[in-house]
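In: The following block contains a protein sequence and its predicted model.
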Amino acid sequence: MCVTEGRSVGLVSVDGGRYDVDVEQRVRRPVYWDEADSLVRRCSWFYRSDTDNRMIPYDEDFAARLEVWYSVAC
């Protein structure tokens, strides 16, 4: 169970209720059909791919370090 702004968050319904996200485990699961679970990331920092111009999120540990570095620099 995750606590956000004083309330507990376990599962969060996403994509029109078709999937549930377990916030603590960072996993998205389908509600109405069988499908492999998919990973969910908390993303705050991104970089642009050299090959196809997509924005790709940094992993959470590196993003946390970037946040610290940014706050020191500003």
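Out: All right, it came through fine. Residues are numbered from 1 along each chain as shown.
In: residue ranges with poor pLDDT in the protein?
Out: 1-8 (pLDDT under 70).
In: Do a quick rundown of the helices in it.
Out: Taking DSSP state H, the helices of the chain run over residues 60-73.
In: List the contacts of Tyr47.
Out: 55-56, 58 (C-beta atoms under 8 Å, 6 or more residues apart in numbering). Heads up, the C-betas are built off the backbone N, CA and C, glycines and all.
In: tell me which of the residues you listed is nearest to Ala73?
Out: Ala73 lies nearest to Tyr58 out of the contacts of Tyr47, by C-beta to C-beta, at 16.7 Å.
In: so the closest one sits right up against Arg42, yeah?
Out: No. With contacts counted by C-beta atoms under 8 Å, Tyr58 stays clear of Arg42, the gap being 10.8 Å.
In: Filter the contacts of Tyr47 down to the buried ones and hand me the PyMOL line.
Out: Command for PyMOL, covering only those of the contacts of Tyr47 found buried under the criterion 16 or more other C-beta atoms under 10 Å:
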select buried, resi 58
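In: tell me, how many neighbours does Tyr19 end up with?
Out: Using other C-beta atoms under 10 Å, the number of residues around Tyr19 comes to 19.
In: Apologies, that question was intended for Val27.
Out: Around Val27 there are 13 residues (other C-beta under 10 Å).
In: excluding its backbone neighbours, what's nearest it?
Out: Asp37 (4.9 Å; C-beta to C-beta, 6 or more residues apart in numbering).
In: got a list of what that neighbour touches?
Out: 27-29.
In: Just the residues you listed: which are in strands?
Out: 27-29 (DSSP state E).
In: Ala63 reaches Ser44, doesn't it?
Out: Yes. The pair formed by Ala63 and Ser44 meets the contact definition of C-beta under 8 Å, at 5.2 Å.
In: Please say which of the two ends up with more neighbours.
Out: Comparing Ala63 with Ser44 by other C-beta under 10 Å, the one with more neighbours is Ala63, at 16 against 12.
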